[in-house]
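Asker: need a 3D model of the following:
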Amino acid sequence: MRLSGALLAASLLVAAGACSPPAENTQEAPKAEARWCDEIPRPENEAFPRADVESDWFDVYRVAGDTFALVEARQFQEVISYLIIGENEALLFDTGLGFAPIRPVVEQLTSLPVTVINSHTHFDHIGGNAEFDRILARDTPYTHANENGLSHKDLAGEAAPESFCDPVPGEAERARFHTPVWAPTGVVKDGDKIDLGGRVIEVLEAPGHTPDALALYEPARGLLWTGDTYYDSTVWLYVPETDLDAYERTIARLAALPALKQLLPAHNTISADPARLGEMKDAIRAVREGRAAGEKLPDQQVLFQFEHFGVLTSQPLLDGARGDKESGGSGLTTWE
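Answerer: As a prediction, this is how the structure comes out:
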């Protein structure tokens, strides 16, 4: 459910998808009565078979063969991590928020060695990185800055009771919520191919949403893990580290990939139609050329609505401003 405080205040949306922008770095979370909670579990996800795991936090679905979606549906980010299992090894694409350990769930699904790769290093995708001893990461200043983790002060709004649908984590868990320090054990770059045994996954650099964003591509099965580059909701492209030029190049590249059968996004729903990439390519061009009507919101945000998704960006980015791309970021900051 990617909502922002501005959107909530304007009562414009009740279903969207990932990190909300705070006022003065304190996130304004969704209200408990929002329709979002009534939509959990999402019917689109329930169309896939559930995996039999013991967890009070993660809903796990089998989405494509030995590929599992680990959904954190009861916190408004609705983050999705993916476990991709081969014959010899497994990849974990993102490790979620960190409200509950993800490794025990992964170990119920596979006994194979697991390597973590993050779609990008915003807090809601690296929360469980510290649980693992094999992590491949981009070699960028932005990534290295985010390896230091994020304090509870940075993320307090994410742990507010109104950020959850029942059951709400206990007060002690919420009071200490933070992103632990983590350390990569190797570097990953564009074009790398990871052989899991019977499955070869290709790494695609996908900058735009963040400088270190990645997508994963499995040509043999027509699968593309898109991270936050695309999901069926309001795609967030407003933080200072977002680069709209890079995003346009990325979305064009992904839209041109051959024989795509299924997108596997990082928020809300675990499957999306590959045709949406072409639609987003056209949409972001229309936004930047001034051919799409946008709604001005607080914190210099501008919302553009399209048939299958929205684009939430900021006026400084539309005006050509360039933010800091080296100091790291939570994904929750707004322009001054």
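Asker: break down this structure into its helices, ranges please.
Answerer: For the chain, the helices defined by DSSP state H occupy 5-10, 35-38, 43-46, 103-109, 141-146, 152-155, 171-175, 244-255, 275-288, 315-318.
Asker: run a quick neighbour tally on Gln108.
Answerer: By other CB atoms under 10 Å, the residues close to Gln108 number 16. Any C-beta I mention is one placed from the backbone N, CA and C, and that applies to glycine too.
Asker: surely it and Val53 touch.
Answerer: Yes. Applying CB atoms under 8 Å, one finds Gln108 in contact with Val53, separated by 4.6 Å.
Asker: thinking again about what came up before, now tabulate the helices of the chain in JSON lines and tack on distance to Gly96 and mean pLDDT.
Answerer: As requested, those are exported to JSON lines (distance: least, CB to CB, whole Å; pLDDT from 0 to 100):
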{"stretch": "helix 5-10", "distance to Gly96": "22", "mean pLDDT": "37"}
{"stretch": "helix 35-38", "distance to Gly96": "18", "mean pLDDT": "82"}
{"stretch": "helix 43-46", "distance to Gly96": "15", "mean pLDDT": "97"}
{"stretch": "helix 103-109", "distance to Gly96": "10", "mean pLDDT": "98"}
{"stretch": "helix 141-146", "distance to Gly96": "15", "mean pLDDT": "98"}
{"stretch": "helix 152-155", "distance to Gly96": "13", "mean pLDDT": "95"}
{"stretch": "helix 171-175", "distance to Gly96": "14", "mean pLDDT": "93"}
{"stretch": "helix 244-255", "distance to Gly96": "23", "mean pLDDT": "98"}
{"stretch": "helix 275-288", "distance to Gly96": "23", "mean pLDDT": "98"}
{"stretch": "helix 315-318", "distance to Gly96": "27", "mean pLDDT": "98"}
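Asker: out of the ones you listed, the one nearest Lys296 is which?
Answerer: helix 315-318 (7.6 Å; CB to CB).
Asker: ok, and what's touching the closest one?
Answerer: Under the contact criterion CB atoms under 8 Å, 6 or more residues apart in numbering, helix 315-318 has outside partners 237-238, 240, 242, 244, 287-288, 296, 300-302, 323, 335.
Asker: out of those residues, which sit inside strands?
Answerer: 237, 296, 301-302 (DSSP state E).
Asker: which pair of the residues you listed spans the longest distance?
Answerer: Checking these with CB to CB, the most distant pair is Leu237 and Lys296, at 15.5 Å.
Asker: so between those two, which is more surrounded?
Answerer: Comparing Leu237 with Lys296 by other CB under 10 Å, the one with more neighbours is Leu237, at 22 against 11.
Asker: residues contacting the nearest residue to the more buried one once chain neighbours are set aside?
Answerer: With CB to CB, 6 or more residues apart in numbering as the criterion, Leu237 has its nearest non-adjacent residue at 4.6 Å, and that residue is Thr313. By CB under 8 Å, 6+ apart, the contact set of Thr313 is 237-238, 242, 244, 287, 301-302, 304.
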